[in-house]
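J.: Whatever this is, show me its structure:
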Amino acid sequence: MQDLIIAMLAISAILIIRDMAKIVLWGRKRNDPVYDCHPQKERMEQYAQSLQKLADTFYRMPYRREHLSESETSGIFEEVREKLCNRCPGKAQCWTLQEALTYKKVCELLCLIEEGDREKLLHGQADWYGDCMNAGKFLEYLQEAFQRARQNLIWNNRQTESRLAVAEELNEVAHTIQKVASDLCDITTVPGELEQRVKKILRKRQVLVRQMWMLPSPEEKFRVFINMRVRSGQCVAVTEIAGILSELCGRRMVPARDSRSIINSENRTILFVEDTNYKVLYGVARVTKERETVSGDNYAFTLGEEQFVMCLSDGMGSGLEASRESETVVELLEQFLTTGFSRETSARLLNSALVLQRRDGMYSTVDICALNLYTGMCEFLKAGAAATFIRRDQWVEAISSSSLAAGLVQQMDFETTAKKIYDGDYLIMVTDGVLDALPREKEEETMKEIILQIHASKPQEVGRCILEKVMGYCGYRAIDDMTVLVAGVWRK
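T.: Numbering: from 1, shown residues only. Have a look, this model is predicted:
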C-alpha cells in the first residue's frame, strides 16, 4: 500500500511538472509575458478528477467490521460439521430433527466465545456437554475455527484501514493538483504604465528587464516576477531593485525568501513580494524525562513568505522509540507545509501515513500553530495535543483540544481554532509533560499564573523561566519529557 501511495504521488508530481514546463516553454516561444494556460489547466483538472474518482471507489468499498458476518458464522458451522459431525452417529438427531435448536445453541456458544467472559463460557460449555456426545472435540474445533475467522477479520480490517488511507492520500493529492492548476493560471501581466516605468528606471541602473508578470494572492498582496539581467559586466543587489520597486508600487517590496542576492549578466527571474506586517522571534526550552537520554518530544519552526508555523509532537511514551515517532510526525508536517499543502491537508496526509505504518500502542500528538504575517490571524490545529497559551499584556488565554492523537483512527478528528494576534503577544506551546507536572485539575489555570509571573521579553528566556517554575512543582524531577515553544510577535 505504501508503495502505491508513493507511486501515485510521484506520477502526479511528474504530470504537474510536465504541464508547468509546457506552459513556461510556450510562453518563451511567443516571447510574451501573457500566460494563457486554459488548455493545460483543463488537463490538470482532468488529472485531479481521475484521482478523485479513484479515491471515491476506495471509499465505496466495505468498511471495517467488529463482528463476524452471517456468512462467516455459517462457514464455521460447515467446517466443524465436516470435520466432526458428518462421522457422528447422532448427526441425524442434531442436524436434521433438531437443526434449528442445534443451530441456535451453537450460535450462543460462538457469542460466548467472542464475548470472552470465561465464567459464562464455562457455563455454556457445561450445558453443551449434555447435548453433544462429542462435546469436547466439538468445542475444540469450534474455538479453532472461530480464532481463524477472527484473525481473518482483523486482517481484513487492517486492509480496510490501508485502503482508506490510500483513498485519503489520493483525495488530498487531487485537491492539491486543482489548487496548483488554479494558482498557475492566475499569472497576469503587469499594468503597462507600471512596467514601462520600472523598465525605464532600472535601465538607468544598467538593469535590462526582459519580462514582468504578477501573481495575485488571496489576500490581494502584491507579488511581481521580473526576468532581468545587468549589462556591461556589472552586478546589482536585489535589495536595491526591491527599493526601487517599492517606490514605484507604493508598497514595501522585498525579494522572496531564498532568492538570489545579486543580479549579473545572466537572465534571472526574481520574485518580489509585499513585505509582511509582523515579525517573529522564537525560542525553545526542554527537559528530558529523568533517567532517559533522548526526549520523546520533537518540534520545528518554519518561517515562510506569508506565515510562521510552529509544529510540536509528543511521541507515545519516552525514549528513543517515542523520539522516532514524533520526529517522523514533525518532519512530514514540515515537508508538507513548506511544499504548499494546507494545514488540514498536511494533517490528513500525515494521519494516513501513520495509520499505514502503525504499530500497536504507537501514536503521536499533532500540534500546529500557524501565524499569518500579513493579517496577524493565527490558526491552531490540534490532535491529542496539550493546550496552547496566548499572552497579551496581563491576560492569558488557553486554546485546548479533546481530539485523538494522529495514527489512532483512519478518519482524523482534529480541532481547529483561529485567533487574532496583536503587537507584543506571545504564543506558548507545551507538551503534556509540562502540564502533568502541575496540580491535577488545575493545570491550565496554574500555567496561566506562571506565564503572568514571567517578566522576560526574549522568547528563549520566557520559555526557560516557564520551565524552571514548572519544575519547582515536581521537585525538579522530570516525570515526563517537557518541551516549551515560545514565539513573540511584533509589528514592523
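
J.: switch to C-alpha atoms for all contacts and neighbour counts from now on
T.: Will do.

J.: G136: what secondary structure?
T.: Following DSSP: H, G, I helix; E, B strand; the rest coil, the label given to G136 is helix.

J.: quick check: domain ranges of the chain?
T.: What automatic domain parsing lists as the domains of the chain is 1-185, 186-275, 278-491.

J.: Report the separation between F341 and Q93.
T.: Per Cα to Cα, to the nearest Å, F341 is found 67 Å from Q93.

J.: sorry, back to before: need the domains of the chain in TSV (columns: mean pLDDT and mean neighbour count).
T.: Conversion of the domains of the chain to TSV gives the following (pLDDT from 0 to 100; neighbours: other Cα atoms under 10 Å):
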stretch	mean pLDDT	mean neighbour count
domain 1-185	68	16
domain 186-275	87	16
domain 278-491	87	19
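
J.: Regarding the residue nearest to the spatial centre of the chain, which helix or strand does it belong to?
T.: Centroid-nearest residue in the chain: A347, 1.9 Å away (criterion: Cα atoms, centre = their mean). Element membership for A347, per DSSP states H and E: helix 343-356.

J.: now the helix or strand following that helix and helix 343-356, what's the angle there?
T.: Following helix 343-356 in sequence order, the next helix or strand is strand 366-372 (DSSP H and E). Angle of strand 366-372 versus helix 343-356, following axes from the mean of the first three to the mean of the last three Cα atoms, to 10 degrees, is 160 degrees.

J.: Strand partners (parallel or antiparallel) of strand 366-372?
T.: Paired strands of strand 366-372, with direction, are strand 307-314 (antiparallel), strand 377-383 (antiparallel) (DSSP bridges).

J.: Let's verify the residue nearest to the residue nearest to the centre of the chain when sequence neighbours are not counted: helix, strand, or coil?
T.: Nearest non-adjacent residue to A347, counting by Cα to Cα, 6 or more residues apart in numbering: L333, 7.2 Å away. For L333, the assignment made with three-state DSSP gives helix.

J.: how about L333, what does it touch?
T.: 311, 346-347, 350 (Cα atoms under 8 Å, 6 or more residues apart in numbering).

J.: Turn those residues into CSV, including distance to L303.
T.: Converted to CSV, these look like this (distance: Cα to Cα, whole Å):
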residue, distance to L303
C311, 12
S346, 17
A347, 18
L350, 20
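
J.: farthest-separated two in those residues?
T.: Longest distance between any two of these is 12.8 Å, between C311 and L350; criterion Cα to Cα.

J.: Doesn't R286 lie inside a helix?
T.: No. The assignment for R286 (three-state DSSP) gives strand, which keeps it out of a helix.

J.: any idea how far L373 is from E274?
T.: 11 Å.

J.: what's the answer for A126, then?
T.: Distance, A126 to E274, using Cα to Cα: 81 Å.

J.: where along the stretch 151-300 of the chain do the strands fall?
T.: Using DSSP state E, counting those that start in this stretch, the strands of the stretch 151-300 of the chain run over 188-189, 207-214, 223-230, 236-237, 253-255, 262-263, 268-274, 278-287, 297-303.

J.: Which of those strands sits closest to K137?
T.: Nearest of the strands of the stretch 151-300 of the chain to K137, taken as Cα to Cα: strand 297-303 at 52.9 Å.

J.: Could you name the helices and strands sitting against that closest one?
T.: strand 307-314, helix 319-339 (3 or more Cα pairs under 8 Å, 6 or more residues apart in numbering; DSSP states H and E).

J.: Out of those, which gets nearest to R148?
T.: Nearest to R148, of the helices and strands packed on strand 297-303 and by Cα to Cα, is helix 319-339 at 31.9 Å.

J.: Kindly export that closest one (C-alpha atoms) in PDB.
T.: What follows is helix 319-339, C-alpha atoms only, in PDB (Å, rounded to 0.1, in the frame of the first residue of the first chain):
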ATOM      1  CA  GLY A 319      13.000   7.500  25.000                       C
ATOM      2  CA  LEU A 320      14.300   6.600  21.500                       C
ATOM      3  CA  GLU A 321      11.200   4.900  20.100                       C
ATOM      4  CA  ALA A 322       9.000   7.800  21.100                       C
ATOM      5  CA  SER A 323      11.500  10.300  19.600                       C
ATOM      6  CA  ARG A 324      11.500   8.400  16.300                       C
ATOM      7  CA  GLU A 325       7.700   8.500  16.200                       C
ATOM      8  CA  SER A 326       7.400  12.300  16.900                       C
ATOM      9  CA  GLU A 327      10.400  13.000  14.700                       C
ATOM     10  CA  THR A 328       8.500  11.400  11.800                       C
ATOM     11  CA  VAL A 329       5.500  13.500  12.500                       C
ATOM     12  CA  VAL A 330       7.400  16.800  12.600                       C
ATOM     13  CA  GLU A 331       9.400  16.000   9.500                       C
ATOM     14  CA  LEU A 332       6.400  15.100   7.500                       C
ATOM     15  CA  LEU A 333       4.400  18.100   8.700                       C
ATOM     16  CA  GLU A 334       7.300  20.400   7.900                       C
ATOM     17  CA  GLN A 335       7.700  18.900   4.400                       C
ATOM     18  CA  PHE A 336       4.000  19.200   3.600                       C
ATOM     19  CA  LEU A 337       3.700  22.700   4.900                       C
ATOM     20  CA  THR A 338       6.800  24.100   3.100                       C
ATOM     21  CA  THR A 339       5.700  22.400  -0.100                       C
END
